[in-house]
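*Asks:* Below: sequence and its predicted model.
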There are 2 protein chains.
Amino acid sequence: MVQMKVWKLILDGRTDTPVVILQELEGKRILPIWIGKAEARAIAMELAREKFQRPLTHDLMKTIIDALGGSIRKVTIGDLKDNTFFAQIFVDKDDEIISIDARPSDSLALALRTRSAIYVAEAFLQDEPDEKELSDDERAEALRKYLDRLDPEDFGKFPGGSQA
Amino acid sequence: MVQMKVWKLILDGRTDTPVVILQELEGKRILPIWIGKAEARAIAMELAREKFQRPLTHDLMKTIIDALGGSIRKVTIGDLKDNTFFAQIFVDKDDEIISIDARPSDSLALALRTRSAIYVAEAFLQDEPDEKELSDDERAEALRKYLDRLDPEDFGKFPGGSQA
C-alpha cells in the first residue's frame, strides 16, 4: 500500500457531489473518492483547522476513542466492490490491534483528527491528468475539469443516496 | 431528570431545519430540539430501522465503542447555554463510568443505536400545545403548527451554520 495525504476537496459540479482527492505523500499519483456532503464538511473543517464551538460527530468519535483508551494507528483503503471503496480503521488497544470496517469518508475525517497515516492500495492510484508544472490552484482547476469528464461510477461512488 | 423517548422528527418549514421531538416515556410533555440535517438523517434511519449497505457515521461510532469494550449506559440533556442544549454520553468501561460532552443530536443518534436510556432535565419539558385526544398524525400536525409559531432561538437552536 502507498501512504497518502488528503490533498483537496472538490465539488463535482455535474453531480453536485463532493470529491475528496488523496495524493501520494511522496509522489504525484492521486485517488479521487466521491463522498457525502456531511462527511465532506467534517473533512473540510479539519483541513481548515477550524474548531467548531461544539464537538462535531467525528470530534466526538475521537473523544470516545481516547476516553476508552484506544488510539488510531492507521486507516487503509484497500477494497473496491461494486464501485464502492471499503476502508479499515486500525485501532490500538492494550497492545492489540483491532480492525474496523468503515467508509473512506469517515476514516479520512478520523485520520485527519488523529494525525493518523492513510494508506491506499497501489492498484487504485491514478496519474494526475496534467503533467506540466502547475501552481496548486491550476492543478486543482485541471483536476476539476478532469473529474467533470469522468464517470463517478468508475471511482467508488456510493450507489444510492449517500456516498462513501 | 425525566426519561424520554425519541418521538418524531419534524421539519421546521420556516427555517428549513429538522426538529427532533422527545417525549416523556410516561407522560405527554415534550422537548423539541433543532438539529442539523446530517444528524437528523442518522436519527431518521434508526427510527425507521433502515440499515444502510455501509456503516453510517453513528453506526461506526457504536462499532468502535463495542470494539474498545465500552457500552453506553445513558445519555442526558441537562444544560442549556446561549440557546444551545448540552448533552452528556455516559459510557461504561471496566466498571468505571466516563461522561463525555456531546451535542444532543449525536447523543440521540447513538442512544437509538444502542437502545440506551435518554434523560432530560425536568425544567426543559413543555406541555404539548394541544390537550385534546388526537391521533398520532394529528398530534404531529398540531405540533408542526405550534413549532412554526415558535422562535427556534428559544429552544436550543445552534448559533451559526450547524445545529445541535
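*Replies:* Received it, and whenever you're ready, just let me know what you need.
*Asks:* Nearest to chain B: which residue in chain A?
*Replies:* Nearest residue of chain A to chain B (Cβ to the nearest Cβ) works out as A:Ala38 at 3.3 Å. Backbone N, C-alpha and C define where each C-beta goes, glycine included.
*Asks:* A strand includes that residue, no?
*Replies:* No. Under the criterion used here (DSSP: H, G, I helix; E, B strand; the rest coil), A:Ala38 is helix, not part of a strand.
*Asks:* tell me the secondary structure for the most centrally placed residue in chain A?
*Replies:* Nearest to the mean C-alpha position of chain A, by Cα atoms, centre = their mean, lies A:Leu108 at 4.3 Å. Classification of A:Leu108 using three-state DSSP returns helix.
*Asks:* next one: stretch A:58-70 to chain centre, how far?
*Replies:* Between the centre of stretch A:58-70 and the centre of its host chain there is 19 Å, according to Cα atoms, centre = their mean, to the nearest Å.
*Asks:* Next one, pLDDT for the residue of chain A closest to chain B please.
*Replies:* pLDDT, A:Ala38: 92.
*Asks:* That one contacts B:His58, doesn't it?
*Replies:* No. When contacts are counted by Cβ atoms under 8 Å, A:Ala38 is not listed as touching B:His58 (11.0 Å).
*Asks:* residues from chain A in reach of chain B?
*Replies:* A:37-39, A:41, A:52-58, A:60-61, A:63-65, A:67-70, A:84, A:86, A:89, A:91, A:93, A:98, A:100-103, A:106, A:158-160, A:162, A:164 (Cβ under 8 Å from any Cβ of the partner chain).
*Asks:* For the lowest-mean-pLDDT helix or strand in chain A, buried residues please.
*Replies:* The least trusted helix or strand in chain A, going by mean pLDDT, DSSP states H and E, turns out to be helix A:136-149, with a mean of 70. For helix A:136-149, burial by neighbour count (16 or more other Cβ atoms under 10 Å in any protein chain shown) applies to A:Arg139, A:Ala140, A:Leu143, A:Arg144, A:Leu147.
*Asks:* Hmm, A:Ile10 and the third one touching each other?
*Replies:* Yes. A contact is recorded between A:Leu143 and A:Ile10 when judged using Cβ under 8 Å, the distance being 6.5 Å.
*Asks:* what residues do these two have in common as contacts?
*Replies:* Listed as contacting both A:Leu143 and A:Ile10 by Cβ atoms under 8 Å, 6 or more residues apart in numbering or on different chains are A:Ile21, A:Pro32.
*Asks:* Now do the contacts for the residue of chain A most remote from its centre.
*Replies:* Distance from the centre of chain A peaks at A:Asp94, with 27.3 Å (Cα atoms, centre = their mean). Shown in contact with A:Asp94 (Cβ under 8 Å, 6+ apart): A:Gly69.
*Asks:* Okay, now the unreliable bits of chain A?
*Replies:* Judged by pLDDT under 70, chain A has its weakly predicted residues at A:129-134, A:146, A:148-164.
*Asks:* can you map out the strands along it?
*Replies:* A:2-12, A:17-24, A:30-34, A:71-81, A:84-93, A:96-102, A:117-120 (DSSP state E).
*Asks:* Thank you, goodbye.
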